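Engineer: Here is my input; please provide its structure:
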Amino acid sequence: MKPPTGKLMATALRRCRDAEIAWEQRSEIDLADPRNRREFRGWGIRVNYEGRLGWAWGEPSELPEMLLDRSLQAARSSPLEGILFAHGLPMGSAASAVEPISLEPHLDKLHRYVSKLQFLLPSLLKDHPTRIRASLRWQMLTLATRAGEQVGQRVVYQVVVDSTHPPLIQAQLLAARLRNNPSELLMELVWQSSHSDGVQQLSAGDTAAVLTPAASASLVTDLVARHFDARRFHTQPELAAPWGEAWLSPQIILQDDATLQSGPGHVPFDGEGQLKRPVSLVQEGVVHSHLVDRYYARQMGVDAPGLAVRDWGLPPTPGWSNLSLLGGRSSLGDLAKDMGEGVLIDRLVPCDAPCESDEFCRLAEVAWLIKGGRPQIRLAPMLVRGRFSQLLGRDLVGVATDRAWYGRCLAPTLSIQRLSLEPCGEFQALPEPPGTWW
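Structural biologist: Coordinates of the predicted model:
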């Protein structure tokens, strides 16, 4: 049951310069136990009180007056200057009549998809026992300001298939739309298994490399998190990607695009109610935009481009919905053939190895040695390092046409002429940072 957001808004506007209320709901369903659904509900209020920002979050049963009092108390001690929440937002009527979508058809579709995988995998991967994990997430956000209410909801499918015994073979799907045929996921698994009969250690040093879409997505998401997020610029201004400068290769065209309907970050409006549209971060190597919400947009003297996101139970922050790196004209095979000798890297995961502030560093869990333009043998896990501005700048050789989703990033295969490899030693893999809720 929706809490009394209208009553809270009316009370808040009598005491504050401005207010914004979020009513959030979500369900998480594991296909292995679909009856045990995890349900979450809560509401929060952000206020501009005496020129300061305050935020409070509570259960739906919390009284509006108590939630408002906690937000006012937070504003009194907040270092953040107040902003207007409804400025520039479309006027709308109350969204209380919008009903949550039925999840049963989506569960049936996910079940059919997994059933096909279960039938085909034993024949395709005879020497590699696998497990399948599948889940469904439904999310709904109602955002109320003086301009009215907006409501949006989405369903996200997640499927992970990996080997139960070494060497690691893994493919995953995270999408707002689920295709009936799991051919792409199956092809990725079969391709990995065909080059994993043996494992070879590779000496440390610089080498040419081809990054599959999964590895390219890791590079792009780390680049944006490190050099485009305005929250970092207050403490480390030197990390900001130089606005208006040709910082990367002319082959790099990077956008945040929540309008991509197959992307897991597809939403109608951002975390502050602005309608989503494609936003260019890098255009032919030139930096066009940083990740800013309304607060940081005012701090930087720019217009807010609709790049606010929300983690569950938290106020908006700068972030992306779907990162989209445009493809080029080559294929993965063409890039490997032109390279001749090097490594093919597929799965890069975070790790606890130390690195500098402008350095990309991940653990390559899945990679192969390339000889004569073709993958030959599986490589043992190793550290991958390089400067972001070099890997996607002067050292970038080619960009392929093929693109695939990995997390919330749609990326193509990349060819890089120089990448540093190191033994992984005692460094351990870390979990991938979770994506934002909205």
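
Engineer: those helices in the stretch 101-250 of the chain, which residues are they?
Structural biologist: Using DSSP state H, counting those that start in this stretch, the helices found in the stretch 101-250 of the chain span residues 104-124, 183-193, 213-227, 230-233.

Engineer: Pull the number of nearby residues for residue 144.
Structural biologist: Look at residue 144: counted by other CB atoms under 10 Å, it has 26 neighbours. In this view, the C-beta of every residue, glycine as well, is placed from N, C-alpha and C.

Engineer: Pretty sure it sits against residue 21.
Structural biologist: Yes - counting by CB atoms under 8 Å, residue 144 touches residue 21, with 4.3 Å between them.

Engineer: which neighbours do the two share?
Structural biologist: Common neighbours of residue 144 and residue 21 (criterion: CB atoms under 8 Å, 6 or more residues apart in numbering): 5, 9.

Engineer: related to what we said a few turns ago, return the most buried member of the helices of the stretch 101-250 of the chain.
Structural biologist: With neighbours taken as mean count of other CB atoms under 10 Å, the helices of the stretch 101-250 of the chain reach their highest mean count in helix 213-227, at a mean of 22.

Engineer: I'd like to check the angle between that helix and helix 183-193, please.
Structural biologist: 100 degrees (axes from the mean of the first three to the mean of the last three CA atoms, to 10 degrees).

Engineer: tell me the mean pLDDT for helix 213-227?
Structural biologist: Confidence for helix 213-227, expressed as mean pLDDT, is 97.

Engineer: Keeping just the C-alphas, turn that helix into PDB.
Structural biologist: Extracted in PDB, the C-alpha atoms of helix 213-227 (Å, rounded to 0.1, in the frame of the first residue of the first chain):
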ATOM      1  CA  PRO A 213      33.000  -7.100 -25.500                       C
ATOM      2  CA  ALA A 214      32.900  -8.300 -21.900                       C
ATOM      3  CA  ALA A 215      36.500  -7.100 -21.200                       C
ATOM      4  CA  SER A 216      35.900  -3.900 -23.100                       C
ATOM      5  CA  ALA A 217      32.800  -3.200 -20.900                       C
ATOM      6  CA  SER A 218      35.000  -3.600 -17.800                       C
ATOM      7  CA  LEU A 219      37.500  -1.100 -19.200                       C
ATOM      8  CA  VAL A 220      34.700   1.400 -20.100                       C
ATOM      9  CA  THR A 221      32.800   1.200 -16.900                       C
ATOM     10  CA  ASP A 222      36.000   1.700 -14.800                       C
ATOM     11  CA  LEU A 223      37.000   4.700 -17.000                       C
ATOM     12  CA  VAL A 224      33.600   6.400 -16.500                       C
ATOM     13  CA  ALA A 225      33.600   5.700 -12.700                       C
ATOM     14  CA  ARG A 226      37.100   7.000 -12.300                       C
ATOM     15  CA  HIS A 227      37.200  10.000 -14.600                       C
END
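
Engineer: outside of that helix, which residues touch it?
Structural biologist: Outside of helix 213-227, the residues within contact range by CB under 8 Å, 6+ apart are 211, 232, 239-241, 254, 281, 291, 320, 323, 325, 345-349, 357-358, 360, 362, 364, 388, 391-392, 402-414.

Engineer: Helices - which of these land there?
Structural biologist: Secondary structure from DSSP state H places 232, 388 of the contacts of helix 213-227 in helices.

Engineer: coming back round to it: out of the helices of the stretch 101-250 of the chain, flag the one nearest residue 330.
Structural biologist: helix 213-227 (13.3 Å; CB to CB).

Engineer: chain center to the closest one: distance?
Structural biologist: Remark: helix 213-227 is offset 10 Å from the chain centroid, using CA atoms, centre = their mean, to the nearest Å.

Engineer: about what we covered before: which among the contacts of helix 213-227 end up buried?
Structural biologist: Buried members of those, scored by 16 or more other CB atoms under 10 Å, are 211, 232, 240-241, 254, 281, 291, 320, 323, 325, 345-349, 360, 362, 364, 388, 391-392, 403-414.

Engineer: I'd like the mean pLDDT over stretch 332-346, please.
Structural biologist: Mean predicted confidence for stretch 332-346 is 94.

Engineer: Buried ones in it, by neighbour count?
Structural biologist: By neighbour count on 16+ other CB under 10 Å, the buried set for stretch 332-346 is 332, 334-336, 339, 342-346.

Engineer: any chance of those in a markdown table, with distance to residue 74 too?
Structural biologist: Converted to a markdown table, those look like this (distance: CB to CB, whole Å):
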| residue | distance to residue 74 |
| --- | --- |
| 332 | 50 |
| 334 | 55 |
| 335 | 51 |
| 336 | 54 |
| 339 | 54 |
| 342 | 53 |
| 343 | 50 |
| 344 | 50 |
| 345 | 45 |
| 346 | 45 |
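
Engineer: Just those residues: which are in helices?
Structural biologist: Those of the buried residues of stretch 332-346 lying in helices (DSSP H): 332, 334-336, 339.

Engineer: for the stretch 51-200 of the chain, what spans make up the strands?
Structural biologist: Ranges of strands in the stretch 51-200 of the chain, per DSSP state E, counting those that start in this stretch, are 52-58, 130-145, 148-163, 170-175, 199-200.

Engineer: So for residue 13, which of these sits nearest?
Structural biologist: Residue 13 sits nearest to strand 130-145 of all these, at 10.0 Å, using CB to CB.

Engineer: for the closest one, the distance to its chain's centre please.
Structural biologist: Its chain's C-alpha centre and that of strand 130-145 lie 14 Å apart, by CA atoms, centre = their mean.

Engineer: try stretch 427-434
Structural biologist: For stretch 427-434 - counting by CA atoms, centre = their mean - the centre lies 15 Å from the chain centre.

Engineer: And this protein, what are its domain boundaries?
Structural biologist: With domains defined by automatic domain parsing, the chain comprises 5-76, 104-193, 197-438.

Engineer: Throw these into JSON lines and include distance to residue 84, thanks.
Structural biologist: Listed next are those as JSON lines, based on distance: least, CB to CB, whole Å:
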{"stretch": "domain 5-76", "distance to residue 84": "5"}
{"stretch": "domain 104-193", "distance to residue 84": "9"}
{"stretch": "domain 197-438", "distance to residue 84": "8"}
